[in-house]
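**Q** sequence and predicted model, in that order:
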Amino acid sequence: QKQARASKAAAEARSLSEQARAAAEQARLAAERARKTAALAKEAEAAEAVAKEEAQAAQAQVAKHEAAVREKRAALAAQEEATLQQPPQQQPPQQQPPQQQ
């Protein structure tokens with residue numbers, strides 16, 4: 001009977017040991033997934049930072065372009081205004097070439 005109990009206890013110990021190994025493997029896999037997830041999150045943060053920088057640079061380019069367009073329009077408007085305010089210029093009469101007969 002002692003041997004039967006010892007055998008039963010040994011079988012139980014083996015079972016518990018196997019369960020512990022399985023649990024340890026599950027924990028290892030979970031830790032690996034967590035590391036991968038953390039790495040992906042870090043990459044995503046870096047990508048987001050780059051995207052924000054690129055968006056800001058693009059906005060600056062657009063603002064620069066819009067300012068240049070406004071400047072050009074203002075210069076054209078000023079030029080047109082100056083042209084309208086000038087008195088008409090007298091053009092010398094054009095000589096017609098002598099007609100050949």
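**A** Alright, I've got the coordinates.

**Q** all the helices of the protein, residue numbers only.
**A** 2-85 (DSSP state H).

**Q** mind listing what the residue nearest the centre of the chain touches?
**A** In the chain, the centroid-proximal residue (C-alpha atoms, centre = their mean) is A51; its distance is 2.3 Å. Taking C-beta atoms under 8 Å, 6 or more residues apart in numbering as the contact definition, A51 lies against nothing. C-beta: built from backbone N, CA, C; applies to glycine.

**Q** where's it relative to L16, distance?
**A** 51 Å (C-beta to C-beta, to the nearest Å).

**Q** kindly report the same for A82.
**A** Separation of A82 from L16 (C-beta to C-beta): 97 Å.

**Q** kindly report the same for Q61.
**A** Distance from Q61 to L16, by C-beta to C-beta: 67 Å.

**Q** what does K42 give?
**A** Separation of K42 from L16 (C-beta to C-beta): 38 Å.

**Q** cool, and E54?
**A** E54 is 56 Å from L16, by C-beta to C-beta.

**Q** A75 now?
**A** Between A75 and L16 the distance is 87 Å, computed by C-beta to C-beta.

**Q** buried sites along stretch 12-28?
**A** Buried residues in stretch 12-28, counting neighbours by 16 or more other C-beta atoms under 10 Å, are absent.

**Q** can you give me the offset of it from its chain's centre?
**A** Computed by C-alpha atoms, centre = their mean, to the nearest Å, the chain-centroid distance of stretch 12-28 equals 46 Å.

**Q** try stretch 29-41
**A** 24 Å.

**Q** could I get that stretch in CSV with only the CA atoms?
**A** Taking Å, rounded to 0.1, in the frame of the first residue of the first chain, the C-alpha atoms of stretch 29-41 are listed here in CSV:
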residue,chain,number,x,y,z
LEU,A,29,5.7,32.7,-25.3
ALA,A,30,3.6,35.5,-23.8
ALA,A,31,6.8,37.4,-22.8
GLU,A,32,8.1,37.0,-26.4
ARG,A,33,4.7,38.3,-27.8
ALA,A,34,4.9,41.2,-25.3
ARG,A,35,8.5,42.1,-26.4
LYS,A,36,7.4,42.0,-30.1
THR,A,37,4.4,44.1,-29.3
ALA,A,38,6.6,46.6,-27.5
ALA,A,39,9.0,46.8,-30.4
LEU,A,40,6.1,47.4,-32.8
ALA,A,41,4.7,50.1,-30.6
